[in-house]
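Undergrad: A structural model of the following input is requested.
(chains A and B)
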Amino acid sequence: MTVVAVVCAVVAVCLAVLSLVLTTRLRRARAQLAQDQSVAQDEQSSLQARAADLQRSNAELEQFAYLASHDLQEPLRKVASFCQLLQRRYAGKLDARADQYIEFAVDGAKRMQALINDLLAFSRVGQTEIQPSLVSSDTALTQAKANLAEEIEKSGATIEAGHLPLVLAELPLLTAVFQNLLSNAIKFSGPAPPRIVVAARQDGRQWQFSVTDHGIGVEPRYADRIFVLFQRLNERSAYPGTGVGLAMCRKIVEYFGGRIWLDTSSSPDGTTRFCFTLPGDDDE
Amino acid sequence: MSEGLGAVDVLLVEDDEGDALIIREAFEYYKIRNRLHVVTDGEEALHFLRGEPPYTGAPRPGLILLDVNLPRRDGLDVLAELKRDPDLLVLPVVMLTSSRAEEDILRSYALHANAYVSKPVDFEQFIEAIRQIDDFFLTLVRLPR
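TA: Numbers count the residues shown, from 1 in each chain, chains lettered A, B, ... in the order given. Presented below is the predicted three-dimensional model:
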């Protein structure tokens, strides 16, 4: 009996100790969990705060770019105009050095005007209240070609296009995408007349467009850099431009929920292919 | 000009001295014989048109070039005032402005402006625009005497 009683007592004590240990552990675990949860909550709210901060600073930056480019236009127009007037009236009447000064001033002012115009157009993307609607990419391409009529004629470019679909976008912005890509294909064509192929194929709910040329090509290592604002890979004297075109294309395509990239798989023979996606008609 | 009817007076209402000078240069460059008069705000414009001091004896212009953004009374206000005045409402008014705001364009035409022209950013295009305005309003079209 005593043995049984002792064993029982020992077992009871053991159980009590065990339960105490377990309870303590459980409490600790709970406390830890609560702490973890509150840390997670803190982290989440700080993440949200950072996202909001980022969004705000992005919006501010866009607003700044818009205001800067808009308000700089007026004084710059004065600088450019009076440099041009100076040139018109006094070129050849001073001396060779003065003519060169004026020429540089006119050239600089004109280039800055081009930059500011492009920057203004860039910062305007997505600033409208207009909701994207179904637009014909065929019409956008036709308008882009019309806007580039002079370059196309001068370079002898041929532009082939297959069937082009309806996509969710805004016509002027989609036109700007085609215009920038075509204009690049013409500008970077090398000595032969540019041959450009525009195509589209359906990929689920999206359409994937491609603009292909056989010009001087882009080295694959620059595939990302070319989409950055003001990035240029070539001498300005050989290939004039502001370095806004592709950044603008990216901003537009991403604004409509698509993406744009340089297809580096087809680069070796000097083929350059830009691809971009845009959402299509949901009901199709 | 081509009709040999002699020079016409053009009133430019423009507070920006640079733009006024460019327009003057455009007149000179294209050998436009019409006389350009410049006033720098809306009040002055109305005094000029009504021949009030200090513009007593000012000629009646055949064409008014009116900027939208003016100090004191802005261009739209002046336009409204002109079109309320039975003596002045027949004068053709071209809004010539750096504003590209749709609202300004709409309001100008609603107030019976004869044309709305945005000052071209490019200098060559600017002076060409001046020549075309002059050519259209003072050579091509017939205006009331």
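Undergrad: Could you tell me how many residues sit around the residue of chain B found nearest chain A?
TA: Nearest residue of chain B to chain A, counting by C-beta to the nearest C-beta: B:Phe123, 4.2 Å away. Quick note: C-beta positions are derived from backbone N, CA and C, even for glycine. Using other C-beta atoms under 10 Å in any protein chain shown, B:Phe123 has 25 other residues around it.
Undergrad: I'd guessed it sits against A:Gln84; true?
TA: Yes. B:Phe123 is in contact with A:Gln84 according to C-beta atoms under 8 Å; the separation is 4.3 Å.
Undergrad: Specify the next element, helix or strand, located C-terminal of the lengthiest helix in chain A.
TA: In chain A, taking DSSP state H as the definition, the longest helix is helix A:2-90. With elements assigned by DSSP states H and E, the helix or strand that comes after helix A:2-90 is helix A:96-124.
Undergrad: For that next one, which helices and strands make contact with it?
TA: With contacts defined as 3 or more C-beta pairs under 8 Å, 6 or more residues apart in numbering or on different chains; DSSP states H and E, the packing partners of helix A:96-124 are helix A:2-90, helix A:245-255.
Undergrad: Would you mind listing what in the stretch 101-250 of chain A touches chain B?
TA: By C-beta under 8 Å from any C-beta of the partner chain, the part of the stretch 101-250 of chain A that sits against chain B consists of A:Gln113, A:Asn117.
Undergrad: What ranges does the stretch 101-250 of chain A have for its strands?
TA: A:133-136, A:158-161, A:166-169, A:195-203, A:206-213 (DSSP state E, counting those that start in this stretch).
Undergrad: closest to B:Thr56 out of these?
TA: The minimum distance between B:Thr56 and these falls on strand A:133-136, with 59.4 Å, by C-beta to C-beta.
Undergrad: Can you mark which positions in the closest one are buried?
TA: Residues of strand A:133-136 classed as buried: A:Val135 (neighbour count, 16 or more other C-beta atoms under 10 Å in any protein chain shown).
Undergrad: Run the chain-centre distance for it.
TA: With C-alpha atoms, centre = their mean, to the nearest Å as the basis, strand A:133-136 stands 21 Å off its chain's centre.
Undergrad: Go ahead and flag the most central residue of chain B.
TA: By C-alpha atoms, centre = their mean, chain B has its centre lying nearest to B:Leu65, at 1.0 Å.
Undergrad: From A:Ala105, how far out is the residue nearest to A:Leu174 when sequence neighbours are not counted?
TA: Leaving aside its sequence neighbours, A:Leu174 sits nearest to A:Ala140 (C-beta to C-beta, 6 or more residues apart in numbering or on different chains; 4.0 Å). Distance, A:Ala140 to A:Ala105, using C-beta to C-beta, to the nearest Å: 38 Å.
Undergrad: When those two are compared, which one has more neighbours?
TA: When A:Ala140 and A:Ala105 are compared for neighbours, A:Ala140 comes out ahead with 23 against 17, by other C-beta under 10 Å.
Undergrad: who in chain B is up against chain A?
TA: Taking C-beta under 8 Å from any C-beta, the part of chain B that reaches chain A is made up of B:Gly18, B:Ile22, B:Glu25, B:Tyr29, B:Ser98, B:Lys119, B:Val121, B:Asp122, B:Phe123, B:Glu124, B:Phe126.
Undergrad: Let me know the average pLDDT across stretch A:41-51.
TA: In this model, stretch A:41-51 has a mean pLDDT of 87.
Undergrad: Over to stretch B:18-33?
TA: Stretch B:18-33 carries an average pLDDT of 88.
Undergrad: what's in contact with it?
TA: Here stretch B:18-33 makes contact (C-beta atoms under 8 Å, 6 or more residues apart in numbering or on different chains) with A:78, A:81-82, A:85, A:88, B:1, B:7, B:12, B:14, B:34, B:36, B:38, B:40, B:65, B:67, B:119, B:123, B:126-127, B:130-131, B:134.
Undergrad: hmm, 7 Å instead?
TA: Defining contact as C-beta atoms under 7 Å, 6 or more residues apart in numbering or on different chains, one finds that stretch B:18-33 is touched by A:78, A:81, A:85, B:1, B:7, B:12, B:14, B:36, B:38, B:119, B:126-127, B:130-131, B:134.
Undergrad: count of residues packed around B:Gln102?
TA: Careful, residue B:102 is Glu; it's not Gln. By other C-beta under 10 Å, the residues close to B:Glu102 number 8.
Undergrad: Next, give phi and psi for it.
TA: Dihedral angles of B:Glu102 (phi, psi; degrees, to the nearest 10) stand at phi -50, psi -40.
Undergrad: Likewise for B:Val38?
TA: Note on B:Val38: backbone dihedrals following degrees, to the nearest 10 are phi -120, psi 130.
Undergrad: right, and it touches B:Glu14 too?
TA: Yes. B:Val38 is within contact range of B:Glu14, at 6.3 Å (criterion: C-beta atoms under 7 Å).
Undergrad: of those two, who's got more company?
TA: Neighbours were counted for B:Val38 and for B:Glu14 using other C-beta under 10 Å; B:Glu14 has more, 26 against 19.
Undergrad: That one reaches B:Asn69, doesn't it?
TA: No. At 9.8 Å, B:Glu14 does not count as touching B:Asn69 under the criterion of C-beta under 7 Å.
Undergrad: who's in contact with the most centrally placed residue in chain A?
TA: Centroid-nearest residue in chain A: A:Arg250, 3.0 Å away (criterion: C-alpha atoms, centre = their mean). Neighbour list for A:Arg250: A:Phe227, A:Ile260 [criterion: C-beta under 7 Å, 6+ apart].
Undergrad: so where's the stretch 151-284 of chain A uncertain?
TA: A:266-269, A:283-284 (pLDDT under 70).
Undergrad: in it, which spans are helices?
TA: A:171-187, A:245-255 (DSSP state H, counting those that start in this stretch).
Undergrad: Ok, chain B next?
TA: Secondary structure of chain B (DSSP H): helices at B:17-29, B:42-50, B:75-84, B:102-110, B:123-135.
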